[in-house]
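Generate a structure from the sequence data that follows.
(one chain, ligands or ions: 1)
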Amino acid sequence: MSELPPDLPRLRTLETYLRLQLARVEQQIRHLEDQSRTQKPSPAPVPPAWLAEYDISAQHRLFQIHTGDCRMAGHRVKPIDEAAARRGVVEAGACQFCRPDTALGVLE
Ligand SMILES: [Zn+2]
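Modelled structure (predicted):
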């Protein structure tokens, strides 16, 4: 026994109603999909592992080594790899705040 109306006019009315409902649901799905696409937070930039800081002299001598996320690092820095950080700690010294020598296992 079907719960649907037996006559064509009422079936057509029901069909129209369901099409409108489906269109609204599809519209809402697209709306939410657009929203989640635009709201997706971009991943935070990964700080470099190590930073070399240079002094203010004209020669830009190596001043000290920092960990990549050290807030004490100045503006005269450039990212370096671990081998360069080890050499830099030995040659110039380590920042006293972030202690890259400890992180690198290098004793001055
Ligand atoms: Zn530092």
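
was I right about Val90 contacting Val106?
Yes - judged on Cβ atoms under 8 Å, Val90 makes contact with Val106 at a distance of 6.5 Å. Quick note: C-beta positions are derived from backbone N, CA and C, even for glycine.

Could you verify that Glu53 is part of a strand?
Yes - membership of Glu53 in a strand is supported by DSSP: H, G, I helix; E, B strand; the rest coil.

Can you get me a residue count around it?
20 (other Cβ atoms under 10 Å).

That one pairs with what?
Taking DSSP bridges as the rule, Glu53 bridges to Gln64, Val77.

Quick check, it in contact with Thr67.
No - Glu53 lies out of contact with Thr67 (Cβ under 8 Å); the separation is 11.5 Å.

Spit out the residues that contact those two alike.
Jointly contacting Glu53 and Thr67 under the rule Cβ atoms under 8 Å, 6 or more residues apart in numbering are Cys95.

Tell me, what's the model's pLDDT at the residue nearest the centre of the chain?
Nearest to the geometric centre of the chain sits Pro43, at 1.2 Å (Cα atoms, centre = their mean). Looking at Pro43, its pLDDT stands at 81.

Residues contacting stretch 49-57, please?
Taking Cβ under 8 Å, 6+ apart as the rule, stretch 49-57 contacts 60-68, 70, 73-74, 76-82, 84-85, 88, 95, 100.

Now Ala52: closest residue in space, sequence neighbours ignored.
Spatial nearest neighbour of Ala52, excluding adjacent residues (Cβ to Cβ, 6 or more residues apart in numbering): Ile80 at 4.7 Å.

in a helix, that's where the residue nearest to the centre of the chain is, yeah?
No - assigned with three-state DSSP, Pro43 falls outside any helix and is coil.

contacting residues around it?
Shown in contact with Pro43 (Cβ under 8 Å, 6+ apart): no residues.

Distance of it relative to the ion?
Separation of Pro43 from the ion (Cβ to the ion, to the nearest Å): 24 Å.
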